[in-house]
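S.K.: below is the sequence, then the predicted model.
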Amino acid sequence: MTVLVLLHDFWHFIVLGGTALGVLGDAATGWKVCRATLGKLVHKMFGFGALKDEIRGVLAEVKESSNRRDATMLKMDEQLQLIAAEMKPNGGHSMRDVINRVESRLVLQDERAKAIANDSAEALMEMDATGAMVWCNRTYSRMVGRDKSELMGWGFLNTIDPRDRERVKDEWLEAVQNGIAYENTERKLRPDGKVFTVNVITQPLRSGGSGKVVGFIATMRPSDAVAHALEVDMANAALASR
């Protein structure tokens with residue numbers, strides 16, 4: 001069908017051109033008619049009009065897509081500005097202010113709990129996720145006869161009798177690595193040379209969200225006889241220091 005249409009147009013080109021040249025005797029007019037008819041024929045043969053329409057369509061889609069992208073980027077930029085504003089203190093109403101208040105309350109609660117536990121009858125310790133000591137109460141410090149500064153980090157290992165030290169260290173690091181509770185009986189060695197046996201119980205502290213181990217809380221209990229003797233020693237030391 002397309003071939004017949006093209007042949008028809010080509011015949012139309014010859015007839016019109018010949019008519020203009022022969023009947024009218026006007027070469028200029030005949031050439032105009034021929035050029036116009038030939039243009040239509042080439043237009044149909046090669047589809048230039050359809051190609052131009054297709055190009056216009058593609059350009060329109062590209063422009064529309066660009067406009068949508070610009071709108072999306074503008075919306076994202078507005079959201080980022082809102083988030084940035086929320087992360088800055090503004091007098092009590094921003095997200096940053098809320099976080100600061102929560103953090104302050106948590107710190108206050110932690111300090112209050114440690115102040116209460118500081119003079120507890122039980123020897124208490126707190127370790128970080130690596131197993132190193134980050135806090136102990138006065139009862140523990142007095143019981144082992146060492147200053148708190150000597151005990152922080154891995155200094156607490158020096159309170160263990162050398163006969164038990166490597167065993168206790170290995171067992172403790174294994175419990176830390178596995179994030180599990182730990183219970184052990186060990187001998188303590190005071191600077192004054194006194195040795196006493198204690199039972200140490202450690203429980204992991206887990207994050208409320210992920211369940212990841214973030215530290216450990218430990219209690220140390222000597223036997224009743226040892227505890228009484230240590231209490232007497234600590235009382236005597238307190239009196240001597242006055």
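M.R.: That came through fine.
S.K.: pass me the low-pLDDT residue ranges in the protein, would you?
M.R.: Regions of the chain meeting the criterion pLDDT under 70 cover residues 1-55, 58, 85-87, 90-118, 224-242.
S.K.: longest single helix anywhere in it?
M.R.: When the chain is scanned for its longest helix (criterion: DSSP state H), the result is helix 48-86.
S.K.: so which elements touch that helix?
M.R.: Helices and strands touching helix 48-86, by 3 or more Cβ pairs under 8 Å, 6 or more residues apart in numbering; DSSP states H and E: there are none. C-beta: built from backbone N, CA, C; applies to glycine.
S.K.: can you show me the helices along this structure?
M.R.: 2-18, 27-46, 48-86, 95-118, 138-144, 148-151, 162-178, 224-241.
S.K.: flag every buried residue along the longest strand seen in the chain.
M.R.: Determined from DSSP state E, the single longest strand within the chain is strand 195-206. For strand 195-206, burial by neighbour count (16 or more other Cβ atoms under 10 Å) applies to F196, V198, V200, T202, P204.
S.K.: in its sheet, which strands sit next to it, and in what direction?
M.R.: Strand 195-206 has the following strand partners under DSSP bridges: strand 182-189 (antiparallel), strand 213-222 (antiparallel).
S.K.: domains of the chain?
M.R.: 2-46, 89-118, 120-241 (automatic domain parsing).
S.K.: count of neighbours near F216?
M.R.: 26 (other Cβ atoms under 10 Å).
S.K.: quick check, it in contact with T202.
M.R.: Yes: if you go by Cβ atoms under 8 Å, F216 and T202 touch, sitting 5.0 Å apart.
S.K.: okay, and the common contacts of these two?
M.R.: M127, Y182 (Cβ atoms under 8 Å, 6 or more residues apart in numbering).
S.K.: can you add distance to E171 and give the strands paired with strand 195-206 back as TSV?
M.R.: Conversion of these to TSV gives the following (distance: least, Cβ to Cβ, whole Å):
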stretch	distance to E171
strand 182-189	6
strand 213-222	13
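S.K.: out of these, nearest to M152?
M.R.: strand 213-222 (13.9 Å; Cβ to Cβ).
S.K.: buried residues in that closest one, which are they?
M.R.: Going by neighbour count (16+ other Cβ under 10 Å), the buried part of strand 213-222 is V213, G215, F216, A218, T219, M220, P222.
S.K.: contacts for it next, please.
M.R.: For strand 213-222, using Cβ under 8 Å, 6+ apart, the contacting residues are 122-129, 131, 134, 140, 143, 176, 179, 182, 188, 196-207, 227, 230.
S.K.: closest one of the buried residues of strand 195-206 to L59?
M.R.: Distances from L59 to the buried residues of strand 195-206, taken by Cβ to Cβ, are shortest for P204, at 64.1 Å.
S.K.: show me what that closest one is bridged to.
M.R.: Bridge pairing for P204 - DSSP bridges - gives F216.
S.K.: show me what contacts it?
M.R.: If you count contacts by Cβ under 8 Å, 6+ apart, P204 has them with G179, I180, A181, V213, G215, F216.
S.K.: tell me how far the spatially closest residue to the second one that is not a sequence neighbour lies from F216.
M.R.: Excluding the flanking residues, the one nearest I180 by Cβ to Cβ, 6 or more residues apart in numbering is P204, at 6.7 Å. When distances are taken as Cβ to Cβ, to the nearest Å, P204 and F216 turn out to be 6 Å apart.
S.K.: burial check on G179, number of neighbours?
M.R.: Around G179 there are 15 residues (other Cβ under 10 Å).
S.K.: contact partners for it?
M.R.: P204, V213.
S.K.: cool, N184 as well?
M.R.: V168, E171, W172, N199, V200.
S.K.: and what of D164?
M.R.: D164 sits next to E186, R187 when contact means Cβ under 8 Å, 6+ apart.
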